[in-house]
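can you look at this prediction? I've put the sequence above it.
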Amino acid sequence: MLQLKAQPLTAEAFAPFGDVIDSRTADSFAINGGRAQRYHDLARIETLGDESRPLISIFISEPVDLPLQLTYLERHPLGSQAFIPMHGERFVVVVAPKGESIDPSEVRAFVTDGHQGVNYRAGMWHGVQSVIERRGEFVVVDRGGPGNNCEEYPLELRVEVEGVEVATPA
Ligand SMILES: NC(=O)N[C@@H](O)C(=O)O
Ligand code: NI
């Protein structure tokens, strides 16, 4: 079993896998007469294939137990997938580079700080949404349309997250 320790998520470390969505590290410009700031174009949405279109959904997810145990990673070959927490929820992000197989030495694990969302590039291997500490509500932006857009790769993973309260049952 592959054992990993989640590292704090940064845009630089996550850059090979996608975008970190965070107003604190993004440029912005004034709109609405100066009453609001627009943090513009924070992630690249990919929707591939005929009749594809972007979807906006909401996930309400129970927290995972820690250490996080995964038995596979998945990918969406036809589109990107973004997760944006609605109430400051933290989550574990496990990723591996695109390809027809996964080299265990290239798997990376991160933990978000509650302000951050992520956007996985199309075809990027990742663990399923894994909110920690409490039930989470996320805006999800990904791809709809024909074709199989979810493939799994079996991989036994155990991810430790330091300094996290144990989730209390809902
Ligand atoms: N199944 C689904 O919509 N979600 C997964 O793709 C995930 O990454 O959590
Ligand atoms: Ni996914």
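Sure, I can see it. Ligands and ions are numbered 1, 2, ... in the order given.

and the protein, which residues reach ligand 1?
74, 81, 126, 128, 129 (C-beta under 6 Å from any ligand atom). Where you see a C-beta, it was placed from the backbone N, CA and C, and this is true even at glycine.

check contacts around residue 152.
For residue 152, the contact set (C-beta atoms under 8 Å, 6 or more residues apart in numbering) comprises 72, 73, 74.

quick one: buried residues of the strand or helix carrying it?
For residue 152, the host element (DSSP states H and E) is strand 151-160. By 16 or more other C-beta atoms under 10 Å, the buried positions in strand 151-160 come out as 155, 157, 159.

looking at those residues, spot the one nearest residue 112.
residue 159 (13.2 Å; C-beta to C-beta).

which ones are touching that closest one?
Shown in contact with residue 159 (C-beta under 8 Å, 6+ apart): 4, 5, 6, 67, 68, 69, 70, 92, 94, 109, 127.

buried members of those residues into PyMOL, please.
Selection of buried members from these for PyMOL, criterion 16+ other C-beta under 10 Å:
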select buried, resi 4+6+67+68+70+92+94+109+127
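
all the helices of this structure, residue numbers only.
Along the chain, counting by DSSP state H, helices occupy 11-14.

find the centremost residue of the protein, please.
residue 118 (4.3 Å; C-alpha atoms, centre = their mean).

low-confidence ranges, the chain, go.
165-170 (pLDDT under 70).

please repeat the previous calculation with a cut-off of 80.
For the chain, the stretches with pLDDT under 80 are 163-170.

count of neighbours near residue 97?
When neighbours are counted by other C-beta atoms under 10 Å, residue 97 registers 15.

what residues does it make contact with?
Per C-beta under 8 Å, 6+ apart, neighbours of residue 97: 16, 17, 103, 106, 124, 125.

one more pass at 7 Å, please.
By C-beta atoms under 7 Å, 6 or more residues apart in numbering, the contact list for residue 97 reads 16, 106.

how near is it to ligand 1?
16 Å (C-beta to the nearest ligand atom, to the nearest Å).

returning to that earlier point: measure how far the strand holding residue 152 is from the centre of its chain, please.
Computed by C-alpha atoms, centre = their mean, to the nearest Å, the chain-centroid distance of strand 151-160 equals 15 Å.

and for stretch 30-40, what's in contact with it?
23, 26, 28, 29.
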